[in-house]
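*Asks:* Predicted model, plus sequence, below.
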Amino acid sequence: MSFCFNFNVAAQTSNPGDVVGNELENGKKHISAKPTENTTKPAEPVKEAKKHLPPSDPQFLLMDAVFETVTIGSLPPLHFLNETVFEKTASEREDEEKILSRTAEQKSDLISGVYEGGLKVWECTYDLLELIEKHGETFRGKAVLDLGCGAGLLGILALKRGARQVHFQDYNSTVIEQLTVPNVILNCQEDDEVAGRDDKEGRGGGKTQEEGGCDKTLIEKKEVKDSDPPCKKRATDLSHHPLVAKCSFFSGDWSTFLALLLKTVSPPKYDIILTSETIYNTAYYAVLHDTLHELLAPGGLVYLATKSHYFGVGGGLHLFETFVEQRGVFSVDHLWDGEEGLQRHVVAMRFKTASSS
């Protein structure tokens with residue numbers, strides 16, 4: 001199924017020669033930034049935030065699940081449910097928000113204020129993963145927030161690399177319940193299976209294989225086709241897994257998410273906040289900035305992966321940098337700038353002074 005942003009504009013065709021995630025360029029276009037305020041507002045009321053608990057019996061989340069694996073350099077393999085599963089099984093899934101049916105009907109990856117794109121792994125996520133691998137960030141002992149998490153690959157990486165606490169947040173509760181939580185459980189199960197094989201066969205046993213002969217360790221994202229024999233995960237009870245115990249899951253608008261955290265007895269402060277493809281709409285800049293300001297720990301770091309421009313929605317890095325500069329709270333440093341095609345970037349945000357936190 002082909003998707004694009006739902007703004008009644010022609011979708012841009014992606015370069016089929018690019019590696020993972022390039023089909024996500026559909027509906028986005030490289031345009032010149034204009035210093036004008038975008039007033040694209042959500043069409044529906046602000047979505048109240050809530051905390052989601054992992055299911056006590058998670059077997060049904062992964063039973064017969066088709067998944068993909070991404071491996072980048074020295075990073076541990078990261079597994080996530082294939083998005084085509086949601087297209088084909090929408091009628092069978094719990095979805096009070098009706099985003100699965102609405103996105104299929106409107107053939108859209110974004111319905112402002114209704115669905116904010118969380119079922120796809122957007123390509124800037126891979127840029128940030130590659131930068132983390134290059135810079136050697138381990139996350140050891142740190143509190144991490146995956147903001148606008150979607151599939152949760154960034155937070156899952158932090159979890160696998162020793163974070164003491166990882167919180168996942170996405171706008172849609174369906175995304176958290178049907179994608180993020182299953183992906184966390186899927187990766188915890190994988191770690192247990194690998195550890196079990198290592199104990200039996202000795203460390204460094206070589207390439208691992210899926211049940212049924214499907215290769216688990218892929219260098220790039222594997223396209224799953226109807227004719228492919230599905231890679232399936234056998235779910236076990238991981239609701240009390242030590243890694244799952246380090247996680248918390250939230251859905252809702254950033255303003256209500258922030259309010260929910262600030263009402264707790266000890267509001268969290270995060271050493272690292274990871275966020276990808278979240279500055280596409282300038283209407284969200286103020287609440288995003290407030291969320292980062294309130295939740296980043298003194299001396300903490302925000303990793304932001306983004307495109308230069310988002311056609312149809314109006315946002316992009318230049319406009320966001322201008323907004324941040326006007327607020328005077330954060331400094332923005334470019335860590336990586338892509339030069340080909342639709343320009344992509346990874347930047348770091350830090351408090352300018354200790355008093356700003």
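*Replies:* Nice, thanks for sending it over.

*Asks:* low-confidence ranges in the protein?
*Replies:* Counting by pLDDT under 70, the chain contains low-confidence residues at 1-44, 56-64, 87-91, 106-107, 190-240, 354-357.

*Asks:* which residues in it form helices?
*Replies:* Using DSSP state H, the helices of the chain run over 59-62, 84-88, 99-106, 123-135, 153-160, 173-175, 181-201, 242-245, 254-262, 285-295, 317-327.

*Asks:* what would those look like in JSON lines with distance to Thr275 and mean neighbour count?
*Replies:* Yep, even glycine has a C-beta here, placed from its N, CA and C like the rest. Below are these laid out as JSON lines (distance: least, Cβ to Cβ, whole Å; neighbours: other Cβ atoms under 10 Å):
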{"stretch": "helix 59-62", "distance to Thr275": "25", "mean neighbour count": "17"}
{"stretch": "helix 84-88", "distance to Thr275": "22", "mean neighbour count": "16"}
{"stretch": "helix 99-106", "distance to Thr275": "20", "mean neighbour count": "17"}
{"stretch": "helix 123-135", "distance to Thr275": "9", "mean neighbour count": "20"}
{"stretch": "helix 153-160", "distance to Thr275": "8", "mean neighbour count": "26"}
{"stretch": "helix 173-175", "distance to Thr275": "15", "mean neighbour count": "24"}
{"stretch": "helix 181-201", "distance to Thr275": "17", "mean neighbour count": "18"}
{"stretch": "helix 242-245", "distance to Thr275": "22", "mean neighbour count": "14"}
{"stretch": "helix 254-262", "distance to Thr275": "10", "mean neighbour count": "19"}
{"stretch": "helix 285-295", "distance to Thr275": "8", "mean neighbour count": "18"}
{"stretch": "helix 317-327", "distance to Thr275": "11", "mean neighbour count": "17"}
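
*Asks:* out of those helices, nearest to Gly338?
*Replies:* Evaluated over the helices of the chain, closeness to Gly338 peaks at helix 123-135, with 7.1 Å, by Cβ to Cβ.

*Asks:* so what does the longest strand belonging to the chain touch, helix or strand wise?
*Replies:* The strand that spans the most residues within the chain, counting by DSSP state E, is strand 296-307. In terms of contacts (3 or more Cβ pairs under 8 Å, 6 or more residues apart in numbering; DSSP states H and E), strand 296-307 is packed against helix 123-135, strand 270-276, helix 317-327, strand 344-351.

*Asks:* ok, residues contacting the first one?
*Replies:* If I follow you right, that is helix 123-135. For helix 123-135, contacts defined as Cβ atoms under 8 Å, 6 or more residues apart in numbering pick out 19-22, 24-25, 70, 72-75, 78, 150-151, 153-154, 157, 274, 276-277, 303, 305-307, 335-336, 338, 344-346.

*Asks:* just the third one next, same as before
*Replies:* Contacts made with helix 317-327 from outside it, assessed by Cβ under 8 Å, 6+ apart, are listed as 33, 35, 38, 279, 282, 285, 289, 306-309, 330, 332, 345, 347, 349.

*Asks:* relative to helix 285-295, how tilted is it?
*Replies:* 60 degrees (axes from the mean of the first three to the mean of the last three Cα atoms, to 10 degrees).

*Asks:* before we move on, the earlier item: buried ones from the contacts of helix 123-135, can you make that a ChimeraX selection?
*Replies:* In ChimeraX syntax, the buried subset of the contacts of helix 123-135 is picked out as below (16 or more other Cβ atoms under 10 Å):
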select :20,21,22,24,25,70,72,75,78,150,151,153,154,157,274,276,277,303,305,306,307,335,344,345,346
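
*Asks:* on that earlier part again, dump the helices of the chain into TSV; add distance to Lys47 as well.
*Replies:* TSV is the format used below for these (distance: least, Cβ to Cβ, whole Å):
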stretch	distance to Lys47
helix 59-62	23
helix 84-88	19
helix 99-106	11
helix 123-135	22
helix 153-160	20
helix 173-175	8
helix 181-201	18
helix 242-245	25
helix 254-262	7
helix 285-295	12
helix 317-327	22
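
*Asks:* Would you mind telling me which of those helices is nearest Pro45?
*Replies:* Nearest to Pro45, of the helices of the chain and by Cβ to Cβ, is helix 254-262 at 10.6 Å.

*Asks:* name the helices or strands packed onto the closest one?
*Replies:* Going by 3+ Cβ pairs under 8 Å, 6+ apart, helix 254-262 lies up against strand 247-251, helix 285-295.

*Asks:* Redo those as TSV? Include distance to Gly118.
*Replies:* Formatted as TSV, the helices and strands packed on helix 254-262 follow (distance: least, Cβ to Cβ, whole Å):
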stretch	distance to Gly118
strand 247-251	9
helix 285-295	15
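
*Asks:* if I read this right, Ile273 contacts Ala297, doesn't it?
*Replies:* No: look at Ile273 against Ala297 with Cβ atoms under 8 Å: they stay out of range, at 9.3 Å.

*Asks:* one step back: can you say which of the helices and strands packed on helix 254-262 is nearest to Gly113?
*Replies:* Once those are compared by Cβ to Cβ, helix 285-295 is nearest, at 12.7 Å.

*Asks:* relative to strand 344-351, how tilted is the closest one?
*Replies:* 50 degrees.

*Asks:* Touching helix 285-295 from outside, list them.
*Replies:* Contacts for helix 285-295 (Cβ under 8 Å, 6+ apart): 145, 147, 253-255, 257-258, 261-262, 267-270, 273, 278-279, 302, 315, 319-320, 323-324, 327, 329-330, 349, 356.
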